[in-house]
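predicted structure and sequence below. I'll ask about it afterward.
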Amino acid sequence: MGTVNIREAKPHLSRLVEQVAAGQDILIAKAGKPMAKLVPLQGVKPEIRFGLLKQTIRVPEDFDAPLTGHARRALGDDGPFPFESRRTRDTGRR
């Protein structure tokens, strides 16, 4: 654990924070007397920011429109019943 005088800590705070983030504890002293302790955070979850991608992702107006014949065939959905599996259709079972 390192000790830093408060006058030295002020102009070098970003460097001290980097050292603390790397796992080192740092005592901040005033006139040789410990006043504060910088320690790394543990178990802190990142802040959830709702709406972060609001203007980034665009959903087309017709995203839930029925698939065209070509798209249905590409997905293996070419039977008269859209949710019928190919195996069921081939064996005649439901």
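Perfect, I can see it now.

now Gln24: which helix or strand?
For Gln24, there is no host helix or strand (DSSP states H and E).

neighbours around it, how many?
Gln24 is flanked by 14 other residues according to other C-beta atoms under 10 Å. Backbone N, C-alpha and C define where each C-beta goes, glycine included.

quick check: the closest residue to it other than its chain neighbours vs Arg73, distance?
Excluding the flanking residues, the one nearest Gln24 by C-beta to C-beta, 6 or more residues apart in numbering is Gly2, at 6.5 Å. According to C-beta to C-beta, to the nearest Å, Gly2 stands 68 Å off from Arg73.

go on, Ile57?
From Ile57 over to Arg73 the distance is 28 Å, taken as C-beta to C-beta.

just Gln55 next, same as before
35 Å.

the more surrounded of those two?
Arg73 (11 against 7).

A strand includes that one, no?
No - using DSSP: H, G, I helix; E, B strand; the rest coil, the assignment for Arg73 is helix, not a strand.

let me know the pLDDT of it.
pLDDT for Arg73: 78.

kindly report the same for Gly69.
Listed pLDDT for Gly69 reads 78.

repeat for Leu16
Turning to Leu16, the model gives it a pLDDT of 94.

which ones are touching it?
Val4, Ala9, Ile26, Leu38 (C-beta atoms under 8 Å, 6 or more residues apart in numbering).

the last one contacts Ala21, doesn't it?
Going back to what we said before, that points to Leu38. No - taking contacts as C-beta atoms under 8 Å, Leu38 lies outside contact range of Ala21: 9.8 Å.

with neighbour numbers in mind, choose between these two.
The neighbour count for Leu38 versus Ala21, taken as other C-beta under 10 Å, is higher for Leu38 (19 against 11).

can you show me the helices along the protein?
6-9, 13-21, 69-74, 86-91 (DSSP state H).

dump the ones you listed into a markdown table; add distance to Ile48 as well.
Listed next are the helices of the chain as a markdown table, based on distance: least, C-beta to C-beta, whole Å:
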| stretch | distance to Ile48 |
| --- | --- |
| helix 6-9 | 32 |
| helix 13-21 | 21 |
| helix 69-74 | 35 |
| helix 86-91 | 41 |
